[in-house]
Each structure stands twice: as structure tokens, then as C-alpha cells.
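K.L.:
Give the three-dimensional model of this entry:
(3 chains)
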Amino acid sequence: MVGNPKIQVRDVSYRYGQVEALNQITLDVPEHTVTVFFGPAGGGKTTLLRLINRLNDRVDNTSMEGQILIDGEDIYAPGVHVPGLRRRVGMVFALPLPLPGTVRENVLYGPALAGIRDRNRLDELLQTSLEQAALWDEVKDRLDQPASSFSGGQQQRLCIARSLSLEPEILLLDEPTSGLDPISTAKVEHSLLELKKQYTIILVPHSVQQGARVADFAAFFLMGELIESGPGADLFTQAQDQRTEDYITGRFG
Amino acid sequence: MEWVIEAVIRVLGFSAIGFVAMIFVFLLLEGVPAFVRVPLNNLFDTSWYPSLGLYGVWPLIIGSLLVTLVAMIIAFPLGIGTAVFVREIAPNWAREILKPLIEVLAGIPSVVLGFFGMVTVAPIIRESLGAPTGLTAFTGSLLLAYMSLPTIISVAEDALDAVPRSYRDAGLAMGATQWQTIWRVVVPAARSGILMALMLGMGRAIGETMAVLMVTGNAARIPTGLSDLFMPIRTMTATIAAEMGEVARGSTHYHVLFGVGLILFIVTFAITLSAASVMFRRRSRGGLR
Amino acid sequence: MSQQLAQKLGFAFLGLMSLVVIVPILLVVGAIIYAGFPALSWEFLSAMPREGMRAGGIFPAIVGTLLLTLGTGLVAIPVGVGAAVYLSEYARDNLFTRAIRLAIVNLASIPSVVYGLFGLGLFVLLLQFGTSILAGSLTLAIMTLPVIISTSEEALRAVPMEYRTVSESLGGTHWQGIRRIVLPQALPGIITGVILGLLRAAGETAPILFTVAAFFLPRLPQSAFDQTMALPYHLYVISTQVPGMPLSIQHGTALVLLAFVLSMNLVATLIRSYFRRRREW
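P.N.:
Numbers count the residues shown, from 1 in each chain, chains lettered A, B, ... in the order given. Predicted coordinates:
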């Protein structure tokens, strides 16, 4: 494996009530790579993403076993500052979800909550994160317009910029291009390749092809089980497990 | 800082329970002495003459029940009919007129309706019946019917609204007319909500005070026949409103009036509880939240 | 008779029923406007009553109703909105939360005159506030709570769940998400609910009968511990307790009360529809 494991998932099982969502998952996510979680719907990919920044904390009637470590530290240990953790772990959701307000307010929402008040610093964060999300040129003259007035593709890149403005170490992307047209999708994918130099990225792709295009590492999930994982180049061309092979070649899913 | 805000919010969230409990305890504290001081055969007798020491609450209870019952006989069919019309049949423009007007009705203060009942409805009733007075049980029922209509209509409408579209499509697909589909499929499917509409409307009517106080004539007598519907009558709520202002604190009369309040509280509580059990049953069946 | 004809007749019958429901509403409002309008004058609105209330104006009753509405709002808004935030954002779906909901439905169904008894027993007598604006406002506030809580909760729940998730994913605490996203988005709905609750309080008579209302007070209240006149009680008094009362003054008072309440209703409706068109979700 290249690079250190940034995230280590150790024997994680997770249940919603009686329904098992994840069953004893163990997995390493290397630093500064794009790791792809793929597989049919209901496989547990989104659940695992939400566990990595503890977004399921307030969901009723769930139970978790196992450990998730970031930089070797258990993020579920008592005393962990959850908002602080979430600032280190950015998340982008399947649908573009701009908050009510302007482009500027959206991008600077996180830094404002984190207590950053310095104007210059905020302006700098605004520009760099929009640039990183390949959106700056399109919105730099419209920063104070409502986010909802932009196209879906722009909104989704705005959501990426919004996560980047916290300068996180990890970026979780849950089918970020599922609602986008091919051109916007290409722009987002392109920015991912730029971003991985700085961040550790986990992507749930919206198609196998997209996974194959961007994956440094990949993990195949099926009904809560991790079927196999490995370097993307190997997994998408010569999967070890028949089920992975069947899914990649389109026999189900 | 944040935990202080969250703690305050929690306390406020619980406050409703506290208020209900407080109201109940107060009614108990001030009402129960009535049952101690007044012999039960006096209390459940048929004569209400507090100045003579006669505290028979039957006429008041019967009065409240009669007025409420007649109000429901008028309001229930009207309310359900209107709800069905608004939800299932009316063209958009008619809905745009009907709904705000019903909201206006809900917003008219009961004292204004009572006033209207006194100066306009009562004379009409008196003259059309040739009766000595227009301030009768029926006048009260008529006003109560209209006052409970907004409740009945909106709850029934919600119930009809909750019937899935597929039920209607299924009915129509089997060759039923829209009219048949409404009465054989949609309304039966909404029956628990419609029952709830009736109960909540009833609760609204039995607790209404000012309008009945102003138009029912306030005679504490037990109705014996149907013709008594067109005679003055007196309800529990009107009695409290009319007499509480003049009694001394701690007197027997004071405690008896609190006792009447306690009866009202228990009756409306029971009505609400049964309506709520219908509501919670529906909610627990129906998916999210 | 063909099915189509039966259906037509049925629809017509239900339409007729709806007419039976709404025509009297128009009649009531129309009659009160028609009969009350001639009584209105600047003097009627701004002068003290004279000659045993048979002449002059209803100024103290108007002021009293405004004060009571204000006092009710001061108590009911923070408590009601706070409770709504709890129910929508914090409460879990368990037995205890059901008990709270049951209590709220129950508060909504308690007869207004029973609130009057409660206010008399607790605020006037036990806490010794006397018959006062304070006692009346507190009584009305508790009565108004269920309206404010349920409409505010509905407004809060209408804000998409995802906003809360997004806020948390950006390092916001639970409360920051509520404070910066959820509450501002729900505000128009909350304001509508608050107005609807307060207009109900403004029109109520029974709860203030024994807690605050004065039959006749030749001056304006000086403090929260004073009695006051109020429009609904004044209408009750002059239409039932004062012999020889000119009908025009009664109608005028009814009209002022009705106009006050219905215009608040209109404002609430306008706010609701204006923001419904403007919101981004």
C-alpha cells in the first residue's frame, strides 16, 4: 500500500433497529488518495461515510460496534469534540443542498461557526475554496446572489467549496454527481484529482465507470458486507470475487 | 452557554405537562371541598338555587349535554358535507372562497357571536315560534354548531387528505362514479379522522362559554321533552361565568363552582383522550414521525 | 335515475351545505359592519365612556385589550416557541414525548372558563396578584400556548431535515444549526402562529372575567397590577348588564373588536402566503 492509513475502520458493525447495515467491516483508507466505495444501493456505503464524521449520532434506535480511527485516534472515544471532528472531515451529499442564503454565506458558514472573524482570512478562504472546487470563475461576480439561483452543477460544486472552506483533512463525497449533467460531472471529477494532492478523499461514485475513472483504491460493498478491496486499477480490471466481477460487468446492480 | 439554552428549551418543552397538571390540581384543591360540604343528595339533585343553599348540578349537566348534542346534530352533517365538498368536489375558485371564510368564522370572538345571537338570531326565533323569548337552548345550539364547524371541517378535511390517491384511483378504475367512490371508499377510509372531528367539535361546543351565556336564557331547569329545546336553559360553563364574579372566596358556592369546573375539565379531558388515541393510532401506523 | 344524475344531485346538495355554512358567516360579519359603522367616530375610539357608558367612547377598553395582548405575547411567545423547538428539534419519539403532545392537545381543549377559574385560583388569589393585567395575561398566555406551540412546531418541521445535517457536517453544533438555519427559515410560520394565538387571546372573555376585567374604570391602568377594561368583556357588559344601552354603541364595540381580530387574522394570512412564495425550498 502507498501512504499511511489516514482512516482505519476496525470491525465495524452497525444496525438501524433490527436491520443490519454494516457487518464487521475492516478497511484502511490511505492518505492523499481517492478511495472509492461502490456497490449496489443498500450496501452500507453511505452509512459508513456518515459514521466517519459521526453524522448518525442523533439517529434514534441504532447501535454500533467496532472502532473508527483517524490518524490512529478513535473518533468515538469519550471526550472527542464532535464539531471539531466534523471540521476535519468534510462531507458532500448526493443532492446539491445549498443552505438558504448567498454563495458567500454558504461557503463561509463553516468558518463562521468555527469562530473565524478576520475579514481578510474569510475572503481568502472564500476564494481558495471556490477555486479548488472549480467554481470561482463562474461566481466571482455573483458572490452575493442567492445560492439557489445557480444551476445544479454549480450548486454541487458550491457544496464542495463549502466543505473545503474548513480546510479539512478528509473529504467524503456521497454520489456528488448523481444529479449532474456530463459536463458538470467532468468538472467535478477533474477537481477531485486536483484535490487529492491535499486531501484524503472517499467517493461513492454514481456509476461503476466513474469509480473506475478516479479510484486509487476501491472497496466493494454488498448488503452490509465488504466483499473485497484493493488498488483501483486491479479491482476494476481483475476482481477476485465473482460477485464483484458480476457487479462491475453489469450482471446485477 | 449553549447548554444553558438547551436546558431552558427542555424545561419549556416539558411545561405543557406542568400546566395541565397544575390546572387539574387547582380544580381538585378548590373543587373537592364542594363534595365534602354539600351532601351528595343535594349536589346531584335537580334544583340549582345557590342563594337557598341548593346546589343540584343535574340541570347544568343536562343543559350542557342537550345544547351540545343538538349542536352536533346540526354541525356534524354540515361539517362533513362541507369538508367533502371542499376536499373532493369543489373547483379551485370555490375552495379559495370557502377556506378563508371558514377561517374567518374560527376567528370571530365568541362574545361577538353571542352578541349577534342576542340581537339578531333570538328575535327571529322568538317571532317564528311565537314563544315568549328567543333566548333558548336551541338558539345556543345553533351558535355552538357554527362555532364548532371550523374545527370539524378542518379535522375532517385533514382526514380526507390523508386517504392515499391510489384509493380514489382504484375506486374509479372499478367503474364507480366519483360520487360512489367518495362515499364507499374515501369516507370509510377516513372514518377514524372523521370520528375525531366529531369528538373535537363536541369538546369545543361543550366548553364554549360566552355565546351560550348570552343566548340560552340561563334558566336552571331540567328539560323534560323536545319542546323544552325552545325554552331557556343553563349550561355548566355559563353558570361558572355568570356566578363566579359574585361569590366570596372559600364559600360553599365558590367551591361548588370549582367542582363544576372540575367536571368540565374531566369531560373535555376524556373527549380529548379518546380523540388523541385515535390520532396516535393513526400516527404510529403512518411511517415517518 | 342514472348514476350521472345522482352524482350531479349529490354534488349540488353538498354545495348547498357549504352555502349553508358560509352564508351565515357573511351575514354576521356584514350585519355587524352595517350596524356598527355609523357608531364609529374618532371620539368613539379615543374618548372615555360617559354617562354610565351610554355615551362617549371605548378608549380604555381598546387600550386594555392591547395591553392584555401584549402581556400575553410576552409570556406565551418565549414559552411556546421554546416548547416547539424542543418538540421539533430535541424530543425523541418516546412515551414521554407522547405525554407532552397529549398535554398540549388537552390544554387546547380545556374550556376557556376553566382557564378563568384556574387563573383566579392561582394568580389572583394564591399568588396575590389580585385582579390585574398580570393575572389576566398569564391566564391568557397559558390558554394561548397550544396554538403557538403547534403552529410553530409545524413551521420548524417544514424546514428540510437536510439543512440540519449540512450544518452539522460543517462543524455546527445542534444548537448552532437551529439558531442560524432552522429558526430563521421557520420564522414566518412562527410569526403567523403567534398572531393566530394572540388574536384568540384578544377576543376571549371567559378567562378574563375573574382575573382582570373591570366593569367600568374611568382611567387607564397605571401598572401591571391594575385592573383594566377590555373590548370583549366590555361588549358582554354593555349588551347584557347595562339597561338602556344604545344599540349603536353595542354594535360599534362589536365592530371594533371584530375588525381588530380579523385584521390580525388577515396579517397572519398575508405573511404566510408572502413567505411561502419566497422561500427557497
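
K.L.:
residues contacting the nearest residue to residue A:196 once chain neighbours are set aside?
P.N.:
Nearest non-adjacent residue to residue A:196, counting by Cβ to Cβ, 6 or more residues apart in numbering or on different chains: residue A:34, 5.2 Å away. (Glycine included, C-beta is placed from N, CA and C.) By Cβ atoms under 8 Å, 6 or more residues apart in numbering or on different chains, the contact set of residue A:34 is A:192, A:193, A:196, A:201, A:202, A:203, A:214, A:215, A:216, A:217, A:232.

K.L.:
same thing with residue A:49?
P.N.:
A:37, A:91, A:172, A:174, A:202, A:204.

K.L.:
swap in residue B:46?
P.N.:
So residue B:46 contacts B:56, B:58, B:59, B:222 (Cβ under 8 Å, 6+ apart).

K.L.:
is it true that the third one lies in a helix?
P.N.:
I take that to be residue B:59. Yes - according to DSSP: H, G, I helix; E, B strand; the rest coil, residue B:59 belongs to a helix.

K.L.:
Please name the nearest non-neighbouring residue to it.
P.N.:
In space, residue B:59 is closest to residue B:220, 4.5 Å off (Cβ to Cβ, 6+ apart).

K.L.:
Select the longest helix from chain C.
P.N.:
helix C:3-36 (DSSP state H).

K.L.:
thinking again about what came up before, can you go through the contacts of residue B:46 and name the buried ones?
P.N.:
Buried members of the contacts of residue B:46, scored by 16 or more other Cβ atoms under 10 Å in any protein chain shown, are B:56, B:59, B:222.

K.L.:
Among those residues, which one lies nearest to residue C:248?
P.N.:
residue B:59 (36.5 Å; Cβ to Cβ).

K.L.:
so who does the closest one touch?
P.N.:
Counting by Cβ under 8 Å, 6+ apart, residue B:59 touches B:46, B:47, B:48, B:220, B:221, B:222, B:234.

K.L.:
Most neighbours out of those residues, which is it?
P.N.:
Using other Cβ atoms under 10 Å in any protein chain shown as the neighbour criterion, residue B:234 leads these with 25 neighbours.

K.L.:
And it, what's its pLDDT?
P.N.:
Note on residue B:234: pLDDT of 89.

K.L.:
Show the backbone phi and psi for it.
P.N.:
Dihedral pair for residue B:234: phi -140, psi 130, per degrees, to the nearest 10.

K.L.:
Tabulate the contacts of residue B:59 (a markdown table), appending secondary structure.
P.N.:
Converted to a markdown table, those look like this (three-state DSSP):
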| residue | secondary structure |
| --- | --- |
| B:46 | coil |
| B:47 | coil |
| B:48 | strand |
| B:220 | coil |
| B:221 | coil |
| B:222 | coil |
| B:234 | coil |
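
K.L.:
nearest to chain A, of the residues you listed?
P.N.:
residue B:234 (51.3 Å; Cβ to the nearest Cβ).

K.L.:
distance of residue C:166 from residue B:55?
P.N.:
Distance from residue C:166 to residue B:55, counting by Cβ to Cβ, to the nearest Å: 63 Å.

K.L.:
packing partners for the host helix or strand of residue A:172?
P.N.:
Per DSSP states H and E, residue A:172 falls inside strand A:170-174. Identification of packing neighbours for strand A:170-174 by 3 or more Cβ pairs under 8 Å, 6 or more residues apart in numbering or on different chains; DSSP states H and E yields helix A:45-52, strand A:89-92, helix A:152-164, strand A:200-204.

K.L.:
Tell me where the stretch 51-200 of chain B has helices.
P.N.:
B:58-84, B:92-107, B:110-116, B:122-129, B:137-161, B:165-173, B:178-181, B:187-189, B:191-207 (DSSP state H, counting those that start in this stretch).

K.L.:
Indicate whether the strand or helix carrying residue A:66 makes contact with chain B.
P.N.:
Using DSSP H and E, residue A:66 maps to strand A:62-70. No - Strand A:62-70 does not reach chain B (Cβ under 8 Å from any Cβ of the partner chain); its nearest approach is 15.9 Å.

K.L.:
Quick check: neighbours of that strand in the sheet, parallel or antiparallel?
P.N.:
strand A:5-16 (antiparallel), strand A:73-74 (antiparallel) (DSSP bridges).

K.L.:
ok now the shortest one, how far from the chain's centre?
P.N.:
The one in question is strand A:73-74. 19 Å (Cα atoms, centre = their mean, to the nearest Å).

K.L.:
Give me the contact list for that strand.
P.N.:
A:67, A:68, A:80.

K.L.:
Repeat that for the longest one.
P.N.:
Residues from elsewhere that reach strand A:5-16, judged by Cβ under 8 Å, 6+ apart: A:20-31, A:44, A:47-48, A:51-52, A:56, A:59, A:61-72, A:169-170, A:200, A:202.

K.L.:
Put the buried members of these into a ChimeraX selection.
P.N.:
Per 16+ other Cβ under 10 Å, the buried members of the contacts of strand A:5-16 correspond to this ChimeraX selection:
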select /A:21,22,23,25,27,28,29,30,31,44,47,48,51,52,62,64,66,67,68,69,70,169,170,200,202
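
K.L.:
in the stretch 151-289 of chain B, which ranges drop under the pLDDT threshold?
P.N.:
The model of the stretch 151-289 of chain B has pLDDT under 70 over residues B:225, B:279-289.

K.L.:
For chain C, what's its nearest residue on it.
P.N.:
residue B:207 (2.8 Å).

K.L.:
What count of nearby residues applies to that residue?
P.N.:
Around residue B:207 there are 25 residues (other Cβ under 10 Å).

K.L.:
any weak-confidence spans in chain A?
P.N.:
Judged by pLDDT under 70, the stretches of chain A that qualify are A:1-3, A:253.

K.L.:
Nearest residue to residue C:116 in space, please, no chain neighbours.
P.N.:
residue C:207 (4.6 Å).

K.L.:
oh sorry, the question was meant for residue C:171
P.N.:
Spatially, and ignoring its direct neighbours in sequence, residue C:171 is nearest to residue A:87 (3.9 Å; Cβ to Cβ, 6+ apart).

K.L.:
Relative to residue A:187, how far out is that neighbour?
P.N.:
26 Å.

K.L.:
Could you dump the contacts of residue B:59 into JSON lines with distance to residue B:171 added?
P.N.:
Listed next are the contacts of residue B:59 as JSON lines, based on distance: Cβ to Cβ, whole Å:
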{"residue": "B:46", "distance to residue B:171": "52"}
{"residue": "B:47", "distance to residue B:171": "56"}
{"residue": "B:48", "distance to residue B:171": "53"}
{"residue": "B:220", "distance to residue B:171": "51"}
{"residue": "B:221", "distance to residue B:171": "51"}
{"residue": "B:222", "distance to residue B:171": "48"}
{"residue": "B:234", "distance to residue B:171": "48"}
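
K.L.:
Just give the number of residues close to the residue of the stretch 151-253 of chain A found nearest chain C.
P.N.:
Proximity of the stretch 151-253 of chain A to chain C (Cβ to the nearest Cβ) peaks at residue A:166, 6.2 Å away. Per other Cβ under 10 Å, the neighbour tally for residue A:166 reads 23.

K.L.:
show me the residues around the residue nearest to residue C:116 that make contact.
P.N.:
Each residue near residue C:207 by Cβ under 8 Å, 6+ apart is listed here: C:112, C:113, C:115, C:116, C:119, C:136, C:139, C:140, C:143.
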